[in-house]
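Enquirer: my questions are about this predicted structure, shown below with the sequence.
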Amino acid sequence: MNHGFTVIADDVIDLRKIAESGQCFRWTEMMGGFHIPHREKDVLVKQIDPYRIWLSCTEEEYAGIWKSYFDLDESYDAICAGITREKDPFLYEAIRDQHGIRILKQDFWEMLITSIITQNRNIPAIKKSVMLLSEKAGSKRESVCGGFFYSFPTPSQLAHMSDEDLSDCKLGYRTKYVRAAACAVDSGNIDMEAIRGMSDDECERLLISLPGVGVKVTSCAMLFGLHRLNAFPIDVWVKRILQDEYPNGYPRNEYSPYNGLFQQYMFEYYRKQHS
DNA sequence: AGGCAGGCTTTTA
DNA sequence: TAAAAGCCTGCC
């Protein structure tokens, strides 16, 4: 591939850290970079140096799609500048260690379903189910790497999967939750576009009304799918962090509206050390 | 009323 | 065999 476009970012950007951060489950490492599907498009991205990435697309497509996907209009360095070693040594070290991570602006629908699938499972198992779902119900597309990839199934595609195909995706007891969410959106019962205009509280109330969608799944869908950076997923790891590192309380009010971003640094930093 | 234990599918380590 | 980016149900 001799074409493509190289970006010089304002912040350090670290593709491998993003790939391992547990927010994206369909990145595939290949050809010296990562193949990334997003909605009906895909791209191959390679790390050149800490500030530069190469993308297999044109500059126009980068500006129209991938710049936003990587949230490169936002300066994470500026947001994190207020966290000092003196005030919060754990978060400070987490940010230093996980420097280069981004909160990707992924597709809301895909993140809602993916978040449902994550419950009670580890990352390799989540990846397997999400890839199986895409292969069985998504649309086959030509890949920029040659060959093909599968888009994530639309609400309609998912709602109309056969029981057999759906159960082949190894979703276990989550199968009925995934189906219910697909039917709710496909039937128009839940309006994904209307949710975008809602306040965080309204949005949480609506999502949590879906079966199998609790507080944690809702916060993941909001953080990774709607880019609500204050959504704060408290899972088993974050629970341990709050207990171990913040016995006197975590200053959540002080970290508004970036609780979700800071959570992402802490989550991977802590998980890496304790697993 | 609200907090808690147990169960749930399947994979991973 | 236990634990895994949890949630639901039933019990007290």
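Expert: In hand now; what should we look at? Residues are numbered from 1 along each chain as shown, chains lettered A, B, ... in the order given.

Enquirer: ok, whichever residue of chain A sits closest to DNA strand B to DNA strand C distance?
Expert: Using C-beta to the nearest atom of the strand, the single residue of chain A nearest to DNA strand B is A:Gly172, 2.2 Å away. C-beta coordinates here come from the backbone N, C-alpha and C atoms, glycine included. As judged by C-beta to the nearest atom of the strand, to the nearest Å, A:Gly172 and DNA strand C stand 8 Å apart.

Enquirer: and the stretch 101-250 of chain A, which residues reach DNA strand C?
Expert: A:118-123, A:125, A:173, A:211-218, A:220, A:233, A:235-238 (C-beta under 7 Å from any atom of the strand).

Enquirer: just the buried ones among those residues, please.
Expert: A:118-119, A:121, A:212-213, A:216-218, A:220, A:233, A:235, A:237-238 (16 or more other C-beta atoms under 10 Å).

Enquirer: looking at those, which one is closest to A:Ile53?
Expert: Distance to A:Ile53 across those (C-beta to C-beta) is lowest for A:Cys220, with 25.2 Å.

Enquirer: in three-state terms, label the closest residue to that closest one other than its chain neighbours for me.
Expert: Nearest residue to A:Cys220, sequence neighbours excluded (C-beta to C-beta, 6 or more residues apart in numbering): A:Ser115, at 3.9 Å. Secondary structure, DSSP: H, G, I helix; E, B strand; the rest coil: A:Ser115 is helix.

Enquirer: wait, isn't A:Ser115 in contact with A:Ala221?
Expert: Yes - the criterion here is C-beta atoms under 8 Å, and A:Ser115 meets it with A:Ala221 at 4.7 Å.

Enquirer: who has more neighbours out of those two?
Expert: Using other C-beta atoms under 10 Å as the criterion, A:Ser115 and A:Ala221 rank with A:Ala221 on top: 29 against 24.

Enquirer: wait, the more buried one sits on A:Phe108?
Expert: Yes - using C-beta under 8 Å, A:Ala221 is in contact with A:Phe108, at 7.1 Å.

Enquirer: re earlier: could you list which of the buried ones among the residues of the stretch 101-250 of chain A next to DNA strand C also contact DNA strand B?
Expert: Checking those against DNA strand B (C-beta under 7 Å from any atom of the strand), the matches are A:Arg121.

Enquirer: strands of chain A, start to end?
Expert: A:5-8, A:28-30, A:33-38, A:41-49, A:52-55, A:140-142, A:148-150 (DSSP state E).

Enquirer: distance to A:Glu164 added to the ones you listed, as a markdown table?
Expert: Converted to a markdown table, those look like this (distance: least, C-beta to C-beta, whole Å):
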| stretch | distance to A:Glu164 |
| --- | --- |
| strand A:5-8 | 43 |
| strand A:28-30 | 26 |
| strand A:33-38 | 25 |
| strand A:41-49 | 28 |
| strand A:52-55 | 38 |
| strand A:140-142 | 19 |
| strand A:148-150 | 18 |
